[in-house]
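Enquirer: Please work out how this folds:
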Amino acid sequence: MAYLLKDVSILGGSPTDLAIVDGVIAGDAPEGAEVIDATGLVALPGLVDVHTHLREPGREDAETVETGSRAAALGGYTAVCAMANTSPVADTAGVVEQVWRLGREAGLVDVQPIGAVTIGLAGKQLAELGAMASSAANVRIFSDDGFCVADPRLMRRALEYVKAFDGVIAQHAEEPRLTEGAQMHEGEVSTRLGLTGWPAVAEEAIIARDVLLAEHVGSRLHVCHVSTAGSVEVLRQAKARGVRVTAEVTPHHLLLTDELAAGYDPVFKVNPPLRTRSDVEALRQALLDGVIDVVATDHAPHAVQDKECEWAYARPGMLGLETALPIVLSVFGEKWDLIADRMSIAPARIAGLTGHGGDLSAGTPANLTLVDPSARRVVDPAELASRSRNTPYAGMTLPGRIVATFLRGEATVLDGKAVK
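Expert: Prediction:
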């Protein structure tokens, strides 16, 4: 299928025509190409998420690879990295290949599995890192997300192991002995509500330890969902020393604060927790400065019974794939170069996803999305493609609408609707 996007703005530039032929960006469109009037629309390289929970296998009541892929495509994504905390855990070549094949069958985005660092996410013994890396899934990121690799010797061994094939360990930075029983950010609000607090230092201490380990080993470290101003400073100093560390921030940590917990609505319960306004401001500046490399959704769907319950018993996590770009637009405005880098180019580079995060020049794979920046959307959970409904943005009016998404030249979304 060939397309001609008429009068589209590439990364906010002057209107031009962009052709898609045989899966790549082309100089000219052949006769008979489908013409799309893209007046007022902005073309971005397809978004890439390095932190997505698709729940399959094991929790298909919350999400499947197919429903999560559809949500991703509708959010402008062409590739997502699926976290390993499934059931069974993605700690063997067999499980990661299953997730990879399910993604290929869905055909809506490229689903790149993330392998577990330790067997069963138990933090006791290294998983089959080499077997997962050499499998058909070609795993390059490993994470026990949801749990911290708390044992420093085990973390060192993991960093040493993946160095051999330029892999990366993505750490959920949380010292578990400091967060036992924690329900929200430790601070003024938790004290007022009488909830056990999750101190910022529990995150910062692990990041400080791990950047030292990565520096010692000379390996790649990625820090998941950074949430505190102190963490930003640890990362800033590490990068100044040349440590091979990258980091992500979620849309919700760029916008929401711990004050929202005051109503005890479990939709606002997340791990790491929502922090203070000063933390939010520090995270925003760090993303602008490049201290934080990427925006990652930490898309965490949950079944109704796991969220619509008392705060203490609710599972932590929020939906993110369909609202990530609008949240970033609402925070930073139409900084298209920044958005393209932090939501496509840099995450594709970290994950080693060739063909994604391109510059939309002739000859590059046609992985791209079209955004209408003038549109406004009221978030209605019932209209989301995810199988779950735990969005913290219900009822909010957000800027930007994904009009179309193309995966290797094939439309997965047209006129704001999933093609299949």
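Enquirer: State the number of residues packed around Arg55.
Expert: Look at Arg55: counted by other CB atoms under 10 Å, it has 27 neighbours. Any C-beta I mention is one placed from the backbone N, CA and C, and that applies to glycine too.
Enquirer: What of Pro45?
Expert: Using other CB under 10 Å, Pro45 has 26 neighbouring residues.
Enquirer: Check the one 4 residues further on too.
Expert: If you count neighbours by other CB under 10 Å, Asp49 ends up with 29.
Enquirer: and it, what are its phi and psi?
Expert: Note on Asp49: backbone dihedrals following degrees, to the nearest 10 are phi -110, psi 120.
Enquirer: Tell me what it is bridged to.
Expert: Counting by DSSP bridges, Asp49 forms beta bridges with Val80.
Enquirer: Could you tell me what pLDDT the model assigned to it?
Expert: Asp49 carries a pLDDT value of 98.
Enquirer: Isn't it up against Leu325?
Expert: No - Asp49 lies out of contact with Leu325 (CB atoms under 8 Å); the separation is 10.8 Å.
Enquirer: mind listing what the spatially most central residue of the chain touches?
Expert: For the chain, Ala296 is the residue whose C-alpha lies nearest the centre (CA atoms, centre = their mean; 2.7 Å). By CB atoms under 8 Å, 6 or more residues apart in numbering, Ala296 lies in contact with 49-51, 224-225, 248-250, 347.
Enquirer: For the stretch 151-300 of the chain, just list every one of the strands.
Expert: Using DSSP state E, counting those that start in this stretch, the strands of the stretch 151-300 of the chain run over 168-171, 184-185, 197-198, 220-223, 245-249, 294-295.
Enquirer: Which one, of those, ends up nearest to Arg342?
Expert: With respect to Arg342, and counting by CB to CB, the nearest of these is strand 294-295 at 5.1 Å.
Enquirer: How far does the closest one sit from its chain's centre?
Expert: From the chain centre to the centre of strand 294-295 is a distance of 7 Å (CA atoms, centre = their mean, to the nearest Å).
Enquirer: quick one on the thing from earlier: could the strands of the stretch 151-300 of the chain be laid out in CSV, adding mean neighbour count and distance to Ala282?
Expert: Shown next, in CSV, are the strands of the stretch 151-300 of the chain (neighbours: other CB atoms under 10 Å; distance: least, CB to CB, whole Å):
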stretch, mean neighbour count, distance to Ala282
strand 168-171, 28, 20
strand 184-185, 25, 14
strand 197-198, 24, 17
strand 220-223, 24, 15
strand 245-249, 25, 10
strand 294-295, 28, 15
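Enquirer: In TSV, list the ones you listed along with mean pLDDT and distance to Ser69.
Expert: Putting those into TSV (pLDDT from 0 to 100; distance: least, CB to CB, whole Å) gives the following:
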stretch	mean pLDDT	distance to Ser69
strand 168-171	98	21
strand 184-185	98	32
strand 197-198	98	32
strand 220-223	98	23
strand 245-249	99	20
strand 294-295	98	19
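Enquirer: Mind putting those into a markdown table with distance to Val24?
Expert: A markdown table is the format used below for the strands of the stretch 151-300 of the chain (distance: least, CB to CB, whole Å):
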| stretch | distance to Val24 |
| --- | --- |
| strand 168-171 | 28 |
| strand 184-185 | 46 |
| strand 197-198 | 47 |
| strand 220-223 | 30 |
| strand 245-249 | 28 |
| strand 294-295 | 25 |
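Enquirer: quick one, which of these is nearest to Leu274?
Expert: strand 184-185 (6.3 Å).
Enquirer: what's in contact with the closest one?
Expert: 190, 193, 195, 197-198, 200, 258, 261, 269, 273-276.
Enquirer: Identify, from those residues, the entry nearest to Leu319.
Expert: Ranked by distance to Leu319 (CB to CB), the contacts of strand 184-185 are led by Lys269 at 13.2 Å.
Enquirer: Please point out which parts of stretch 95-106 sit buried.
Expert: 95-100, 102-103, 106 (16 or more other CB atoms under 10 Å).
Enquirer: swap in stretch 269-283?
Expert: Across stretch 269-283, burial judged by 16+ other CB under 10 Å covers 269-276, 279-280, 282-283.
Enquirer: May I have the helix ranked longest in the chain as PDB, with CA atoms only?
Expert: Ranked by residue count under DSSP state H, the longest helix found in the chain is helix 200-217. Extracted C-alpha coordinates of helix 200-217, given in PDB (Å, rounded to 0.1, in the frame of the first residue of the first chain):
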ATOM      1  CA  ALA A 200      12.500   9.300  48.500                       C
ATOM      2  CA  VAL A 201      15.800   8.000  49.800                       C
ATOM      3  CA  ALA A 202      14.700   4.400  49.100                       C
ATOM      4  CA  GLU A 203      14.900   5.200  45.400                       C
ATOM      5  CA  GLU A 204      17.900   7.500  45.600                       C
ATOM      6  CA  ALA A 205      20.100   5.000  47.600                       C
ATOM      7  CA  ILE A 206      19.600   2.200  45.000                       C
ATOM      8  CA  ILE A 207      20.300   4.500  42.100                       C
ATOM      9  CA  ALA A 208      23.500   5.800  43.800                       C
ATOM     10  CA  ARG A 209      24.600   2.200  44.400                       C
ATOM     11  CA  ASP A 210      23.900   1.000  40.900                       C
ATOM     12  CA  VAL A 211      25.600   3.900  39.100                       C
ATOM     13  CA  LEU A 212      28.700   3.000  41.100                       C
ATOM     14  CA  LEU A 213      28.400  -0.600  40.100                       C
ATOM     15  CA  ALA A 214      27.800   0.200  36.400                       C
ATOM     16  CA  GLU A 215      30.800   2.600  36.500                       C
ATOM     17  CA  HIS A 216      32.900  -0.200  38.100                       C
ATOM     18  CA  VAL A 217      31.800  -2.800  35.600                       C
END
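Enquirer: Tell me how far it lies from the chain's centre.
Expert: Here helix 200-217 shows a centroid-to-chain-centroid distance of 21 Å under the convention CA atoms, centre = their mean.
Enquirer: buried ones in it?
Expert: Within helix 200-217, the residues that qualify as buried are 200, 202-211, 213-215, 217, counting by 16+ other CB under 10 Å.
Enquirer: Apart from its neighbours in sequence, what residue is nearest Arg315?
Expert: Among residues not flanking Arg315 along the chain, Asp306 sits closest, at 4.3 Å (CB to CB, 6 or more residues apart in numbering).
Enquirer: nope, Gly58 is what I meant
Expert: In this structure, Gly58 finds its nearest non-sequential neighbour in Ser87, 2.8 Å apart by CB to CB, 6+ apart.
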